[in-house]
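> predicted model follows, preceded by the sequence.
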Amino acid sequence: MNMREKIEAAAARYPDQRSAIMPALLIAQKEYGHLPGPVLEEVADILDVERIWVYELATFYTLFHTEPVGMFHLQLCDNLSCMLRGSEDLLSHLEAVLGINRGDTTPDGLFTLSTVECLGACEMAPVMQLGDDYHGDLDIARIDALLDGLRAVTAQATGADFAASAPPGA
Amino acid sequence: MVSITINQQTLEVEPGSTVLQAAERLGIDIPTFCYLKRLPALASCRMCLVEVEGQRRLQPSCATAVTDGMVVRTNTPLIDETRSSMLDMLLANHPLDCPICDKGGECELQDLVMAYGPRESRFRDAKRVFHSRDIRLSPVIIMNVNRCIQCQRCVRMCEEVVGAVALGTVEKGMDTAVTGFEGSLASCDQCGNCVEVCPVGALMSFPYRYKARPWDLAETDTVCPHCGTGCQLTVGTRKGEFMRVRSKADHGVNRETLCVRGRFGLDFVMSRERIKRPMVRRDDALVPVSWEEAGDYLQGRLSAVEGKAAGGLASPRLPNEVLYQFQKVMRTVFRTNNIDSASRWSTPFDTLGPLVAAFYTRAPLEEVIGNDCVLVVGGNVTDENPVTEYLLRDGARRRRTGLLMLSARPSRLDADARVVVRVAPGGEAASIAAVVAALVAAAGQALPANMRAGIDGRATHPDSDEPGRLATALLEGGSVTVLVSADLLRPPLARATLQQLHNLLQVLRALGKGLAVQFLFDRANQLGAWDMGVLPAALPGLRAVADDTARTTLERAWGAQIPSEPGADFDAMLELCDTGQMGALYIAASDPVMSYPDREFVQRALRAADLLIVQDAFLTDTAGLADVVLPAASYGEESGTFTNNEGRIQKVCKFREPTFAARGNLAIFDFVAGLRNPSLRSSVQSEIFDEIARLVPAYAGLTLTGLGSEGAFTRASLVPPGGAFFTPPPASSTATDRLMLMTGNCLFHNGYLSEHSEILNTVADDPYVEMGAWDAVQLGLQEGDQVVVRSAQGELTAQLKVNKHFPKGLVFVPENYRALRLNALMRRGEYPCPVDVQKAQAVFEIAAVAAAGTGPENLR
Amino acid sequence: MFKPVLLMNVDVPDGHLLATYLAGGGYQALAKALHEHTPDEIIDLVKQSNLRGRGGAGFPTGMKWSFVPTRADKPKYLCCNADEGEPGTFKDRIIMERDPHQLLEGLAISGYAIGAETAYVYIRGEYALAIRRLEQAIAEAHAKGYLGPRILGSDFNFVVHIHCGAGAYICGEETAMLDSLEGKRAQPRLKPPFPAVEGLYASPTVINNVETLACVPHIIARGPDWFRGIGPDKSPGPKLYCMSGQVRKPGLYELPMGIPLRELVQECAGGPLPGRKIKAVIPGGVSAPLIPASGLDVAMDFDSLAAAGSMLGSAGVIVIDDSACMVKVATRIIEFFHHESCGKCTPCREGLNWVVKVLRRVEAGQGGAGDLEQLEALCKGIFGNTFCALGDGAAMGLRAALTHFEHEFVAHIEARRCPFH
Ligand SMILES: Cc1cc2nc3c(=O)[nH]c(=O)nc-3n(C[C@H](O)[C@H](O)[C@H](O)COP(=O)(O)O)c2cc1C
Ligand code: SF4
Ligand code: FES
């Protein structure tokens, strides 16, 4: 199914097209990676709803990104349960290793580092979401292993040596 | 009724009333921000919290329904503290840049802080700043988000009242900001209602920016000169200079709303195209002269045409007093009934008169749209009468009125309609006939036998069952309101349309429906013009010229004879000109060269009149042909009254002096009439008003001072309909395989007056041609293409807009763009006008090729 | 020993598959409901069970269902609140990941009871695995006739749709969820009208939490008396407790309602980390005011916790030990609410922003005289005056921290630094 068909299929679940804006934005974001203005217009046109409604939702919900994000979006939970189990140290570590502050993307476009509110997985605090997956019971060693794994995957996929482009301190 | 006690005062209120409403009736002030009277409560600002006995928490009075025996307090220390605390929180991040804020002096936040707020703020952290420079959302709207207090009035106004859905709210929590799609309001209505309801200086009018402090403004309450809705507004001037327009919050049919034309389209009074001095024709050129010279010249020319026919055309935008005096001068001084007030085509009074006499409902729109069904016939109410449309939307959404639309032009209101009948261009009469037939068929024995026999129940709509659904909806409702667009009254087909409407109304009445009928005029005082007798066949009070009693009454009052034969309508007057029979043609504030079909013919005819007198505020194309041009006061420069679509008469007030040598219209009539009859008394507006109240039955008993802040309703007792039934028009009155050109007003303009407004010209689209997607595809055309529209008479070129709601075959060009000379395409007596549409590229392509060939590279 | 009911299949391999669910007696309650009871009888059974909503407010479920008008002029909707955004809470995720059919069976029975043919499960977008599992379960149940038209040969038609959230805690508030489902910015709605009368698309709508719905099949299968026999009579049933924070064995535990908090913390969750002492416990997600270590003998049910000045909320129990700075804990909690405030009402939007600024200052050792009074005053301006319970939760949480740990705030101000650093 192309994007339009997927969106139309999602819209069929509701008696009102406007309800389908959220699912449509999720679909569009999967397609384009993020949601710039022209994509919002496309979604509005497919659903035949007001553009401003689409814009409102794309900015209200934190899972929608109107700006580009890195290939790997590291979303570290820093809410209370994770904080009590050391998420702050993990954040400092990640910032140092990636050479960016939270909220930023590495210059190579590989990593975006965010902190997020409770992921609903406090039993494995501290926890981080990466793509669809949760990584729990984190400590510095596990984080490093995870990052190494990601770099290896990309290096393999692109043939480039991403380790070399890693910032100092990595 | 339920009883409520607020601060020890007890009151009975309607069940469902809110505590806030009850308090208001007791004169108890409760501060509010998010509350908008016309919309359901939002209850988000928490300013209006009150103590309700038996409730643990404070309750928002705007959203709390009164229950019987409820005891409320609004004056306790806890309430004082809470109000102050809410204001303190709002001020925490507010920039407090009042000295450079346009709202200073009329800011609700300022006022409430004065009344209830903290005397000092304990907030000592950095304030949130969204941006350092104000954001220009559109040519007329500028935004300072830092000042916004999130009351959401603007967004709700835009979506729920105006229906534009241009403004919205982005982000959440403290980052919440009001804005348009991607930060722009380029495609909004520019009505400025968001600016009007903004309690602080967040949304501001760009044209008024940094112009004045409210306390420096002289404010004049008056009525909008654009369409027939008749919105009240307040004009602010400073030292005689026009500054801005605001709506009046609690008054008029419009309350706090206006449309773009009312709010931003009054700067036309400052137009550079104003006529500065009288002019007379010498050696085929118009030369400026003094009033005395003009008088001498005119006297000579008038006596030369003494025995010949005369005629007069006046604009339905002039006040009642001016119109009344115009027809009186025409009838008594020029001794003619050749009087008209129509634009585009003359209205067939033989059909119109009986319909108006039998059905026109002079009552508040607010009331008539509360009927079970409202049928809107013809035109595009969104564009032509925007504020009426707001009320219709409200009726459909909140009052559950069944909205029924029947028109060739789609409108935004269709989205809220229960049934939409999209008719082919010019097919209104046939569609109404189909509705009537369906009604008759469904009602059967419920209708009197003569009606069943008189109406041809076989008329069916060629290709849709919508008329049937519309009929079903009409049958379900106990009460029906029919609103008729002025657009249907003006084409040559008007007679057929009015006849079918007449059938429809008779059937509805026979079915026992509570019935209300109003027209949706696009000129501010069209109903007034009719009432004042600016018609060839009717005297003031819409009484036939042939009616001896009516005539004698007027003759006695005026001390002069009135010709007893109906006069010529404007079309016939042009005919008289063209055949060399017209002596003096007197045109007041009208521009037939622009508005009457067949521009060339109109020009030829006007040139053929012996003497053409044009009295106008603006130098129109018609004035350019005149022998004598008399500079008149524009709207805003003389006082009077308008009668709007509702039949409500309201005061139009002067807010500045006539510019240059311009004089009031009444004074000019005196001037002209005095040349023929020096014994005439000079006319005074208030005296004319009293005369109208004496002589025009619908205005009986009205006094100028009695026109309060809501105006007053004229009252006409309806006469029973004549009982005649009309046969449906021939099935296909228009060829269906041709593109048919129709015209009307676009949202940003109204007739030809609004193009004198610089502000409107900056927000309005460039001249455009609109057609449906299907036709565009057939012709290989796309949105934005330059296209040529060609008729048998002429052609025009403009940009194409594709509207997917258009019916097949419809081409629409707004009448408002003078540069298009739209009437040059139209033939007299033919409307809609068959046209061809083509891409205008040919010329450009040649130019492009030429340019490529002679580019710098080739030269080298 | 209490035998798990809701978590029965959770540790079973392939617990999320229909076959596993059926093997454990799954969908028999649905069959029983459809074949042996009228919708009204189901509502009565649930009423008799005294089941109270597990989403936080503890509203009696049967009563909520009985508010749905019986008129049939509009469709009725059932919405499952699977937004689970309350920090410290993860029970609904685990049910959906490991035993989704339990939820679907609960949905079908509840839909039958209230006359709804459509259900939307509003599930937070982060829960990718739960979403996948639920989708799969819906497909399986459809294929086998436990969902869809004429379920199990009855006249009852029922479809379940998933609606993914996109990251906004406020969507857990039931009326904000309805606005979100309608494609609007999620902001709470004015009540009345209550959702049961005018909810989704202005139609009668019931909103229930995942765990609440998961209880329903068991009540039908084993009877209301069985259910009421577990825990306190007014607040009975098996209950999921989410244990997190500074304890040895964080995790999800199913025990009777009303179990003492101390037992939960000390025995189930293994007590404090080595060498640490418990300082405070948040019993029901961060919206629930914290309880100092001295108060751990409270019973974990709606009424007892309310009497103790806190609430059961989502039963997300967060344990805080003596290594934590309470100013920091309070700041983090208020930052959460501030971040998640929808922005609709003044006190929550503006007030929490102000509170956060003061708290951050105090925590950084830059607080001054009058700051605590200012926080008090802000709490007063916020509490009870916000549009929905989010703002209240924040104010109550801050108040509890200020009341029980005032000395830590004072220490920050006086020492001009955080004593825990
Ligand atoms: C700010 C706020 C957040 C909420 N979040 C949730 C939530 O994540 N999950 C939930 O089930 N209920 C949540 N609720 C409670 C719901 O509004 C509602 O009471 C509940 O879903 C009803 O279901 P129940 O009766 O089964 O508990 C929240 C309430 C508020 C005020
Ligand atoms: S308390 Fe007010 S601003 Fe906060 S979440 Fe509720 S409605 Fe929104
Ligand atoms: S006016 Fe009542 S809450 Fe805003």
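Good, I have the coordinates. Bear in mind that the values here come from a model prediction, so they are computed numbers and not experimental data. Residues are numbered from 1 along each chain as shown, chains lettered A, B, ... in the order given. Ligands and ions are numbered 1, 2, ... in the order given.
> CA atoms for contacts and neighbours, from now on please.
Noted.
> who touches B:L747 in this structure?
Neighbouring residues of B:L747 by C-alpha atoms under 8 Å, 6 or more residues apart in numbering or on different chains: B:D189, B:V260, B:T382, B:D383, B:E384, B:P386.
> for the first one, what are phi and psi?
Phi and psi for B:D189, reported as degrees, to the nearest 10, are phi -70, psi -20.
> what's the neighbour count on it?
Neighbour count for B:D189, taken as other C-alpha atoms under 10 Å in any protein chain shown: 22.
> could you redo the contacts of B:L747 as TSV and give each row pLDDT?
Output for those, formatted as TSV (pLDDT from 0 to 100):
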residue	pLDDT
B:D189	97
B:V260	98
B:T382	97
B:D383	96
B:E384	96
B:P386	98
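> from these, which two are the most distant?
The span of these, defined through C-alpha to C-alpha, is set by B:D189 and B:E384 at 12.7 Å.
> that older thread, just the buried ones from the contacts of B:L747?
Among these, those buried by neighbour count (16 or more other C-alpha atoms under 10 Å in any protein chain shown) are B:D189, B:V260, B:T382, B:D383, B:E384, B:P386.
> can you tell me which of those is closest to chain A?
If you rank the buried ones among the contacts of B:L747 by distance to chain A using C-alpha to the nearest C-alpha, B:D189 comes first, at 14.3 Å.
> do I have it right that the closest one meets B:L258?
No. Judged on C-alpha atoms under 8 Å, B:D189 makes no contact with B:L258 at a distance of 11.0 Å.
> ok, back up a step: ok, so of the contacts of B:L747, who is nearest B:G528?
B:G528 lies nearest to B:E384 out of the contacts of B:L747, by C-alpha to C-alpha, at 18.2 Å.
> in CSV: the contacts of B:L747, plus distance to C:H404.
CSV is the format used below for the contacts of B:L747 (distance: C-alpha to C-alpha, whole Å):
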residue, distance to C:H404
B:D189, 56
B:V260, 59
B:T382, 62
B:D383, 64
B:E384, 66
B:P386, 60
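> tabulate those (a markdown table), appending secondary structure and distance to ligand 2.
Converted to a markdown table, the contacts of B:L747 look like this (DSSP: H, G, I helix; E, B strand; the rest coil; distance: C-alpha to the nearest ligand atom, whole Å):
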| residue | secondary structure | distance to ligand 2 |
| --- | --- | --- |
| B:D189 | coil | 30 |
| B:V260 | helix | 33 |
| B:T382 | helix | 34 |
| B:D383 | helix | 37 |
| B:E384 | helix | 39 |
| B:P386 | helix | 33 |
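> show me which of those is closest to C:L255.
Among those, B:D189 lies closest to C:L255 (C-alpha to C-alpha), at 60.6 Å.
> quick one, what contacts that closest one?
Residues counted as contacts of B:D189 (C-alpha under 8 Å, 6+ apart) are B:A164, B:C259, B:V260, B:L747, B:F748.
> closest one of those residues to ligand 1?
Proximity of the contacts of B:D189 to ligand 1, judged by C-alpha to the nearest ligand atom, is greatest for B:A164, which lies at 31.6 Å.
> and the residue of chain A nearest ligand 2?
Counting by C-alpha to the nearest ligand atom, chain A gets nearest ligand 2 through A:F60, at 12.4 Å.
> do I have it right that that residue meets B:D175?
No. A:F60 is beyond contact range of B:D175, at 9.5 Å (criterion: C-alpha under 8 Å).
> who has more neighbours, these two?
A:F60 (23 against 16).
> quick one, grab the pLDDT at that one.
With respect to pLDDT, A:F60 has a value of 98.
> burial of the residue of the stretch 151-300 of chain C found nearest ligand 3, as a residue count?
Here the stretch 151-300 of chain C gets closest to ligand 3 at one residue, C:L190, 10.5 Å apart by C-alpha to the nearest ligand atom. The burial metric for C:L190, expressed as a neighbour count using other C-alpha under 10 Å, is 16.
> so who does it touch?
The contact partners of C:L190, taken as C-alpha under 8 Å, 6+ apart, are B:L42, B:A43.
> check which helix or strand covers it.
In this assignment (DSSP states H and E), C:L190 forms part of neither any helix nor any strand.
> from C:V206, how far out is it?
Per C-alpha to C-alpha, to the nearest Å, C:L190 is found 16 Å from C:V206.
> also C:L252?
In this structure, C:L252 lies at 27 Å from C:V206, with C-alpha to C-alpha as the measure.
> more crowded one of these two?
For C:L252 and C:V206, the more surrounded residue by other C-alpha under 10 Å is C:V206, and the numbers stand at 29 against 21.
> SS state for the residue nearest to that one when sequence neighbours are not counted?
For C:V206, ignoring the flanking residues on the chain, the nearest one in space by C-alpha to C-alpha, 6 or more residues apart in numbering or on different chains is C:L78 at 5.0 Å. Judged by DSSP: H, G, I helix; E, B strand; the rest coil, the three-state class of C:L78 is strand.
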